[in-house]
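J.: sequence plus the predicted model coming up.
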Amino acid sequence: MKEKEYTFEDIIDEEKQLVIDAPIKYGEFWGNSYGFVIFMNRFIKSIDDIDKFLFLTFLSQVKKHLTLALFSTVRRHHVQANMDMRQVLEASSWAAYVMAFREENKFYENDTSGNLCVPKVLKEKRNKWLNENYQIKSDEIKRNITLINESTAHSNIAYAFNNFKMRPTDNPGFELQFFDHEDEYVIKTNLWSIANITMGLIDLFIGVNQTHKVFKLADDFKDSYRQLIELNNKLKSEMMAHKRYAESLKINSVITKD
């Protein structure tokens with residue numbers, strides 16, 4: 001059993017090259033995901049209600065983990081990318097919630113030692129508000145979090161094989177790998193998903209803002225957003241036409257019948 005010898009310097013160099021090569025290797029899938037991540041960073045022109053500054057704190061988390069998810073995807077760290085998307089979804093739920101309220105005791109409490117904490121009851125109140133006011137977006141967030149929880153949020157044998165390889169009989173042995181096996185379909189699907197989830201979260205923020213008037217949109221918002229959405233829809237059709245997508249539907253159908 002031998003693991004490929006990587007120094008930290010080797011890892012840094014290879015990850016940098018994987019990101020540099022991504023536009024060529026993944027084409028429009030990279031372009032759309034990258035475009036949405038950049039758009040999340042600039043779709044707001046100004047903040048009108050400074051008392052809602054906590055929206056910016058959670059939006060900062062959304063931006064950070066969205067960028068990390070994009071990089072992790074093309075650097076072939078599938079589990080890490082999904083863990084970052086879990087952070088994106090959670091932070092977006094809070095960001096939307098704090099747009100509607102000024103009372104800081106809705107977002108945190110202090111324990112007996114004076115430390116900040118967020119008890120489960122506050123999260124439940126947030127989720128209840130989202131469900132009552134923005135049910136479609138609330139369902140989308142819950143569905144995506146559930147998918148992550150049931151797949152990559154915990155160690156399991158399926159994803160352990162991403163970093164394990166058995167060598168052929170003429171050179172028997174095992175390889176334990178730092179990077180996931182390269183799978184273009186999986187990476188493109190993840191890139192599309194990052195873009196699609198980002199689109200849904202921007203829609204959520206805009207919907208909340210129509211009622212609570214927290215921010216102004218960038219001047220070129222409509223044209224830029226429309227172009228990103230059109231490309232995302234095109235890539236969805238391309239992805240659904242892939243033979244592996246059809247195979248996944250068959251597998252899910254059998255599981256459902258059982």
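T.: On my side now, so go ahead.

J.: may I have the phi/psi pair for the spatially most central residue of the chain?
T.: The residue lying closest to the centre of the chain (CA atoms, centre = their mean) is residue 85, at 2.8 Å. Torsion angles at residue 85 (phi, psi; degrees, to the nearest 10) stand at phi -70, psi -30.

J.: mind checking pLDDT for it?
T.: The score at residue 85 is 97. That number is its pLDDT.

J.: what sits against it?
T.: Residues near residue 85 by CB atoms under 8 Å, 6 or more residues apart in numbering: 65-66, 69, 144, 148, 193-194, 197. Heads up, the C-betas are built off the backbone N, CA and C, glycines and all.

J.: just residue 89 next, same as before
T.: Taking CB under 8 Å, 6+ apart as the criterion, residue 89 is in contact with 141, 144-145, 148, 197, 201.

J.: dump the contacts of residue 85 into a markdown table; add distance to residue 53 and neighbour count as well.
T.: Shown next, in a markdown table, are the contacts of residue 85 (distance: CB to CB, whole Å; neighbours: other CB atoms under 10 Å):
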| residue | distance to residue 53 | neighbour count |
| --- | --- | --- |
| 65 | 20 | 22 |
| 66 | 20 | 26 |
| 69 | 25 | 27 |
| 144 | 27 | 20 |
| 148 | 29 | 17 |
| 193 | 30 | 19 |
| 194 | 27 | 26 |
| 197 | 25 | 20 |
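
J.: next secondary structure element downstream of the helix or strand residue 11 falls within?
T.: Here residue 11 is covered by helix 8-42, with elements defined by DSSP states H and E. For helix 8-42, the following helix or strand on the C-terminal side (DSSP H and E) is strand 44-47.

J.: closest to residue 39 among the contacts of residue 89?
T.: For those, the minimum distance to residue 39 (CB to CB) is 11.0 Å, reached by residue 201.

J.: wait, doesn't that closest one sit right on residue 92?
T.: Yes: look at residue 201 against residue 92 with CB atoms under 8 Å: they come within range, at 4.6 Å.

J.: next, show the common contact partners of those two.
T.: With CB under 8 Å, 6+ apart as the test, residue 201 and residue 92 both reach residue 62.

J.: now the stretch 151-258 of the chain, which segments are flagged as low pLDDT?
T.: 161, 167-170, 172-173, 246-258 (pLDDT under 70).

J.: ok, which stretches of it are helices?
T.: 157-160, 184-212, 221-240, 243-257 (DSSP state H, counting those that start in this stretch).

J.: point out the most buried one among the ones you listed.
T.: Comparing those by mean neighbour count (mean count of other CB atoms under 10 Å), helix 184-212 ranks first with a mean of 19.

J.: and that one, how far from the chain's centre?
T.: Distance of helix 184-212 from its chain centroid, counting by CA atoms, centre = their mean, to the nearest Å, is 8 Å.

J.: try stretch 14-25
T.: With CA atoms, centre = their mean, you get 19 Å for stretch 14-25.

J.: mind listing what's buried along that stretch?
T.: Neighbour counts over stretch 14-25 (16 or more other CB atoms under 10 Å) mark 15, 18, 22 as buried.
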